[in-house]
Structures are given as structure tokens and as C-alpha cells.
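Trainee: got a predicted structure plus its sequence, pasted below:
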Amino acid sequence: MDKAHGTENREPVLEIAGLEHSLGARKLFDGLSLTLRTGESVAVTGPSGSGKSTLLSCVLGMIKPTAGSVKVTGTDIVGLRSGRLAALRADAIGMVFQFGELLPELSPLDNVMLAALLARADRQGARDRARKLLDELGVPDAETSEELSGGERQRTAVARALINEPALLLADEPTGALDTETRDRTAELLFGLPRRHACGLLVVTHDPGIAARADRTLRLEEGVLKPVSSGASA
Amino acid sequence: MTPAGDGAPLARRLLAVGGVAGRRAEAGGVRFVALLLSTLVLALSLGGLVAVHAVYAGKEERRTARTPVAPEEAGERAANATAWLVGSDTLDGERQFSVVYLAPHKGDAPLPPGLDRWPEPGEAVLSPALREAGAAEDIDHRYGRLAGTIGEDGLDEPSERLAYVRPRDGLSAEPPTSLVTGFGPAARGVSTSLEPGTGRLDDKPEWMFQAAVAGLLVLPAAALLVVAARTGAHTRDRRSALVTALGGRRLDRALIAVGEAGSPVVLGAVVGAAVVAAAVLFDTRLPHTDYILSSAHFRPYALPALLAPLVALLIVLTTVVLADLAPRRGASGTRPRRTSRSTWLPRLAVLCPLAIILAVRGPDLFAADAALRTLTSWVGIAATVLTLPAALATVTAKAGHLLTRRARAHGLSGTLVAGRRTSTHPGGTARLLTGISIALILFLQAIAWQGLFGSQAAEARQSLDRVGRSVVTVGIREATAASVTDFLAGAPATEAVLLTPPGEGRASRPILHGDCAALTELRLPCPAREARVDGLTATDPRLRELILWTHPLDPTDPTLLIRRTDARTLAERAASDGEGGGVLAVLRSDGKPLSVPALKRLSHEVFPRGAAVMAPGEDQFTAGVPNRDQGRWSALFGMVGITVLAFTAGLGAMAEFLRQGRALAPLSVLTGGLRVFRTSAAWTVLAPLALAGIAGTAVAAALASPVTASGESYITGGLILATAGVVLVVSVLLWLWASRVAVRQARRWRPGGD
């Protein structure tokens, strides 16, 4: 079922074409393609080891595929030089990891601000925006992010992913480590983001309940992404 | 709460982010100390390289400035001239030093640098170091009255031993005395052969000293730096990857890394700069070698010396940044790699004991002077060093299995954790053991080879051990029969003999002259005039050593002529035969040791230029002393290097332990016991390091034994104990520290809210 009515005419923020990648003898991607547009959310599911996290790493430019192209806001990141790649990541991509992946030594505010600083954002505004985002997401003040609960950490990670107003938001099992109630709240927050912040959201998850909230659900199988019917994904 | 205020430049903010991360990091304390130490040691090592050059250059300058100018014939024509004769003397068990006899010859006789006025006849001017070292021998009065000390500008360095003596009866201008018209290149035409001081002969070339500093200090400092840079790498690699994922550029990561390492590195550089500055400002006495580093030599090199800490700071920060930016193993997937097990490692390990046996026992298969003997030793040592890592890795993994089994059987939690960790990841422990063991082997080899060059010295020492100073030879330089008689009369309760070398015709054998009392004292017959004895079977050990070191007998015809000679004739013969190779020997009639300092002083009272008083063969021993002193430097640098390496290995093990220790925290909460940390730290940090120290020293000493067997061994029991002791102390300290930090870490641990 396609819930992203009216997104077809919008700008694609992510275009993957003919992606190929192997891990040893195992072929992870075999001509994989995907297009994600502004305001749209896509969930990718699949069994463990099918290459979901590797797909996100390819989109982030952290793993170089054997073949194919990965265009983020129209720029092919495969073979991009590290400086330009870093700038593109900072400007256009936000990422929410499974366990938040905050810097444990820094406060939540520092963690969020750091992403803005790395994007060379306006210094005056970064701090205010970070505080505003954390307030909106209900993250309390803390000296280090280690003091936060799992849900709070994950919301801090969301704030960090949003601070640079990215065109593309990636999330790797964003609710994998959360209890049901926190999971639902975080999922609601995440899937509301594409429309509120005019970005594309690509979520990797093995949780069918989470995947069902996306506009489109795709399953990574035999190296390609296959659409999942609403019945199967529910 | 933010690490830096708004409006601050991005760079400063990133540095501050790094600083906060550094302070709060899990292995932060360990890395702080490791970085501080590595910067400090590197700063001091680089400062040491500058100091070595400064000292060599400074000494050369001083030596040149005091080198006499002695024009061959122009000396007599010159208006001003000094009579100058360079002799030598020794203190008990120490290296030789120069004693310069000088006297004004004519005009305004030039004085060497360091002397501001002419001493009166019968007066001596000594260097402060000679006065200090010779205090026990009453050196102040050996050459006459003490007229003062030599000024600093007259010595090549503060620890130089040197004496200027103006003989009581003046100094004839005839050879071997030279006429000196000035000193230093300004006076033109310097004669290096007349130079005072023995430094130029004794000192090893500068490159050798630099190589010792580089090999024994800079290299361990570099190893410490690598470990320091990678300590707590797990957290930093993760952060680095995250910052990259967030769009951080290489410069951003570099700035965070610099911010994180900044405080310890700056602190290390500041402490290093303080030490270097102190050495530039004040003379510094170095331990073990008793060497005084001259600030006067160091001062002209103050700028490069003080740049050393800055260079160290830059090197450490660059390494830290490079270690942070270096691409980790090629990323192609998102899963950690499994460690692969090697099949050839155990096979290589079996060869290690064989290599040790080859190195230790192999040389015995060949004659003492055969080249194959040395070659076998080298091949054995090289094979040991090559196979040791494999052997230690295999043994470590096996030990891990054993520990695990034992722990399971007895329910020992800490041992179980350490055992499992060791058997799963033997690499870390094996690297620790290998690093220390190889460093110990190389260290003791360096010391052993130092001794090999002095096999003559070793024989002389053995001779000294056998007869001590119960007999001494008196090498007279200039004497009359009366002065010899005075000398012998002045030495109470002694007997004297004169051993003359084989001459022409009938006397083609060594002759021992002496009166009845002396001959009887040496357990020889007292003939009416002359007798023949078999010199090789002489029963008195003093006579045997005297013959051995002065005029060794022909083994095919070991005849020694004994000639009964009264005291007056003996004195006449000794005075006239001094240049002909005759050896005047003095022994106490009660067989007790003679006081060499007292005899030396007496010799200066009766002979114009004293006499060389020494035990038979002692000059050979003295010739080996510079080598022994060089060995002390190797021991000092080597000890520092071993300590640094032990710290390096220990800190590496400790950081790894603490990283793993986090996983133990929940367990300790569940069980309520913190003892598990102490036990597992003992097995992870203390046991391998202590084992490396003890076993490594034992293997290293065994490997060095064939080298030391044929020469003077500077590998003393004390050195072996000190070497193993240093590693043991470091291991205990780091174990206590690791346990403390792990317990604190566990106490602070709270279950996460997820």
C-alpha cells in the first residue's frame, strides 16, 4: 500500500541505482534500486544479515559499493572525495542509530550542537535551535548523555539528526532498544518528521509494527528491494 | 554546561569538545598518564640528544683552548716558555687521569687555562672532581701542597679529573719535557700530543653515544607513544566513526583528537621543558654514572634544547591525530571480524626453546677464539628473538585455557574471566610479554658486548682478586740510588725485589734481585750469590703474578735466576735500570696489602715526578675502566628504557583490562563483590608483566652468558636483580592502579534506562 499520496512530483532526495556489493562470497546487493522523495518515508525490512545496515552505510558513504550509484539530493556520493562527502553528510543527511550512539562524555545539548558545528552552521543559532529541539522532544538537561534513559537518548539522537534540517533522514533500528511505550512515541515522532521538516526518511527495521507506519515498506531479499503488501507488513 | 561559550571559533569549540571527551572517557586516566609520560620521555630523550651534542662540542672547544703550543725549536728562542710534561695517575679502580708537570721556564711563562697563578715549587692544583673522587686516598697531598683547584674553563667538563703539579725541584727542559709557548689555536701550531686530559682517548665517538640515547630512550618513548595514542581506542574509534557519519571532516576529527590529548601532552611538555631548563641553568649530576652534565656546555644549545619539548609535543599530537584519522581495516560490512587462528604459530613456537639452547650451549661446541662460536651465539639469539613472539602467544593461549579450567573447577570468578579473555585474545598478552622480553634480551646483550672488549682487563681483575695489593710494582720515572733508598726506607715493614728482563749471554733469563729477607718472604732460597729456580713452580702467588704481568717466562725454559743483592746495590740497580725494563716490586713482610695511596704520596716526596705504583697487571685493568664506565651509561639508559617499556606494556594491558572491565560491572552489582576486579586485574596486568620481567631477565641473562664468559662481565647480580625488580615494581603499581580504577568504574556503573 502506498500512503505517500502526492509525493511523486516532489524532488527525490535519495536515488539508488544498480547497487552491487558483496561481503566475501556473499552477495548483499545485486542491482538494488530505490528512490525516496521529500516528505516520504520508506521502511526497509529483512532478516538479520540481509544487508540492511550495510545499505545505510552505503547511503552515508561509509562503505563503498562495488558498483552502482547513490545520489543524495542529486549528488552521487560514490567516489566523492572525503571533504565534499563530509560536507554533504553534514548538510543533507541526518542519522539516527539503533542505540542513539551519542558521545557519552558530552551533554545532550553538546551532542546536538556538535552536529550543527560540524555543518559549519551559524554559531549563535545552533545552541538555540539545539535547546529548542531538545525541549520539543522532551529531553531533560544532563551533564552527560550517559545519565539519560534509553528513550531520552534516542530522542536526543533524533534532535541531533534534525538540527541541520537535512533533506534525508536515515534511521537504523531506531526503536530496537526501547520498551513498547517509548517505541511507539519515538516511532510516531520519527514518521511525523518527513512532513513537518520536509525531508525524506529511510528507516531500517525488523519490527513489522514500526515498518507499517512508513509510506512504503520494502523488503531486502536476494540483494534487491521488493515492495511488501500491506497485509504482509502489518 | 557547553564546553565553550557562544561566538568562540569552531576550532576552539571542537578542541573543547575533545577536552571534555578526554576528561570523561572511560580509560581517560590511563591515557592521560600514558600521553603525559610519552611526551615527557620523548622531550627528555630529544633533549638528551641535544645535550650529548652540546657536551661533545663543548668539550672539544675547551680541549682545543687548552692544547699547548710547542714549536719544535722555537721554544728555546721564545721570550716566554713553560716546561711541560704530561704524566698520568689513577685512583683505586678508576680510569686513568692526566697529571701535568709544569714549571715556568723563562719570561712570562704561559699558564694553561684554569690556572690563574703559578703554583709554588712543590705545589699542585687539582680539579674539583679529582679532589672529590680522591678524598679517600688523600689526593690533596699526594703531589705536594695543594695550591688550589683548576677553574672550570681549564677542564673539558666538571667531572674531569686533572692535576697540574709544579715539581719541588723544577722541571728540566730536556726531553721528554717540552717547551710550551702558549695555549689554544690563538697561539698557533697546537700539539695535540701534549694535550692534558685523557678524554680524547677515553670518550667513544659522539655517534655511538647518540645511538645509545636514540636506541635506549627515544625508541621506548616512541613505543610508549604508540600505545598511548591507541589507549582507549575503542571509544575513540567509535566517536571518530560517529563524527564522520555526522559530516565531520578530517580537520574536525583532528581538532577533537588534539583537544582530547591536549592537557596531558602540554603538561608533559611543560614538565620536560622545566627539566631541560634546569639542566641548562645548573650542573646536573646524573645517577649511576655519577656524571655531571655541564650547564656551561649546555647553555649555548639552550634554544634547540628547549625546542625539544616543543618538538615532542608536536610529534605526540601529530601521532595522536594520525592514529585517529588512520583508516581502520577496510570497511566492507557492518559486522566485526572474527579473529583467525594461525596454524603455523604453534609450529614456530616449538623452535623457540631450541633456539635458546643453541644460543646458550651452542658456543660451547667451539674453541674460545673460533669465529663460529660468536656466529652460533648470534644465530641462536636471532632465532630466539624471531620465534619468541610465537612461543609466547602459544603459551599464553594455553595458559588461558589452563586458567579457565582451574577457575571452573574451583569457582574462581576473576580467574575465569581473565582466563577466558586470555585464551580468546592471546594477542594482547603475547605482545606485552614479547615486547618486554625482547627489550630485556637486547639490553643485556648491549651490556654483555660492552664487557667483551676488555678480556685483558678481566684477567687483570682476576689477578687482583688472587693477590690483591700484597705486592706492588713501583715504576720510577726519574731517580737516584739515594732517592730509591729513601723510598724503600720510607715504606715501613716492606721488602723489595727487582725483576730485570732477560739480557744478553749468560743472563738471557729474567733475574730476581733481592736480599735474603725479601727472597725468604717470597719462599725462595737465599743463595750465597746466585741460584736458578723454576719460575713456573714458584710457590708464592705474589711472585707468580709479578712474573706473569711483567716478564713472563718461556714455558719451555722457565728458569728464573735468583741473585742475592743487598739493599744499597738494589737501589743503585733500580735507579739505573728504570728505563731498561727492570721492575721494582715492594711487598709487605707480613703479607698484608700495601697502601697504594701512601706509597704514591711517598714516591712524590722522594722522586721528582713520583712513581707509578700499582699491583701487577693493574694497568691492564685500568685500561678497561673507560669501557666499564661506558657500560654504566648503557645500564642507566637501558634501565630507563626498560622502565618506559614496562610502563608501555602495562598501560596497554591496563587499558584493555578496563575496557573489558566495563562488561564486568553489571556482574559485580549482581554478585556484590569487587574482588573479581582485583583477581582479574592480577591475571591480566600483574601476572604477564611480572612473568615477562622474571622470565625475560632469566632468558636474557642466559643468552648473554656465552658473551660474558670470555670477558669482563658487567652483567652483575645487582644489574639482573635491578632489571627484573624494575619490571616487577611497575607491574605491581599498574595492577593496584588498574584494580582501583576498575572498582571505581564499577561502583559508578548504573544500569542504562533502556
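Mentor: Now that the structure is in, tell me what you want to look at. Numbering: from 1, shown residues only, chains lettered A, B, ... in the order given.
Trainee: worst-scoring helix or strand of chain A, pLDDT-wise?
Mentor: helix A:230-233 (a mean of 45; mean pLDDT, DSSP states H and E).
Trainee: surely B:T394 is in contact with B:A349?
Mentor: Yes - taking contacts as CB atoms under 8 Å, B:T394 lies within contact range of B:A349: 4.0 Å. C-beta: built from backbone N, CA, C; applies to glycine.
Trainee: quick one, what contacts A:V59?
Mentor: The contact partners of A:V59, by CB atoms under 8 Å, 6 or more residues apart in numbering or on different chains, come to A:14, A:16, A:70, A:72, A:77, A:93, A:168, A:170, A:202.
Trainee: gap between it and B:A16?
Mentor: 31 Å (CB to CB, to the nearest Å).
Trainee: so what's the residue count around the nearest residue to B:R532 once chain neighbours are set aside?
Mentor: Closest residue in space to B:R532, ignoring its immediate chain neighbours: B:T559 at 5.3 Å, by CB to CB, 6 or more residues apart in numbering or on different chains. Close neighbours of B:T559, defined as other CB atoms under 10 Å in any protein chain shown, add up to 15.
Trainee: what does the one 5 residues further on give?
Mentor: For B:R564, the tally of surrounding residues (other CB under 10 Å) stands at 20.
Trainee: kindly report the same for B:A493.
Mentor: Using other CB under 10 Å, B:A493 has 9 neighbouring residues.
Trainee: got the phi/psi numbers for the closest residue to B:A278 other than its chain neighbours?
Mentor: Using CB to CB, 6+ apart and skipping residues adjacent in sequence, the residue nearest B:A278 is B:T284, 6.9 Å away. Dihedral pair for B:T284: phi -120, psi 130, per degrees, to the nearest 10.
Trainee: model confidence for B:T284, exactly?
Mentor: Looking at B:T284, its pLDDT is 90.
Trainee: ok now do the residue sitting nearest the centre point of chain A, which residues does it touch?
Mentor: By CA atoms, centre = their mean, chain A has its centre lying nearest to A:L170, at 0.9 Å. With contact taken as CB under 8 Å, 6+ apart, A:L170 is in contact with A:56, A:59-60, A:93-96, A:161, A:201-204.
Trainee: out of the residues you listed, which are inside helices?
Mentor: Using DSSP state H, the subset of the contacts of A:L170 located in helices is A:56, A:59-60, A:161.
Trainee: turn these into TSV, columns for pLDDT.
Mentor: Listed next are the ones in helices among the contacts of A:L170 as TSV, based on pLDDT from 0 to 100:
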residue	pLDDT
A:L56	88
A:V59	90
A:L60	86
A:A161	86
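Trainee: pull the most distant pair out of those.
Mentor: Of all pairs drawn from those, the greatest distance, 13.4 Å, lies between A:V59 and A:A161 (CB to CB).
Trainee: check which helix or strand covers the residue in the stretch 51-200 of chain B that chain A sits nearest to.
Mentor: Closest approach between the stretch 51-200 of chain B and chain A, counting by CB to the nearest CB: B:A51, at 39.9 Å. Using DSSP states H and E, B:A51 sits within helix B:28-66.
Trainee: next secondary structure after that helix?
Mentor: Trace forward from helix B:28-66 with DSSP H and E and the next one is strand B:68-69.
Trainee: tell me what that next one is packed against?
Mentor: strand B:178-180, strand B:182-183 (3 or more CB pairs under 8 Å, 6 or more residues apart in numbering or on different chains; DSSP states H and E).
Trainee: nice, that's everything, thank you.
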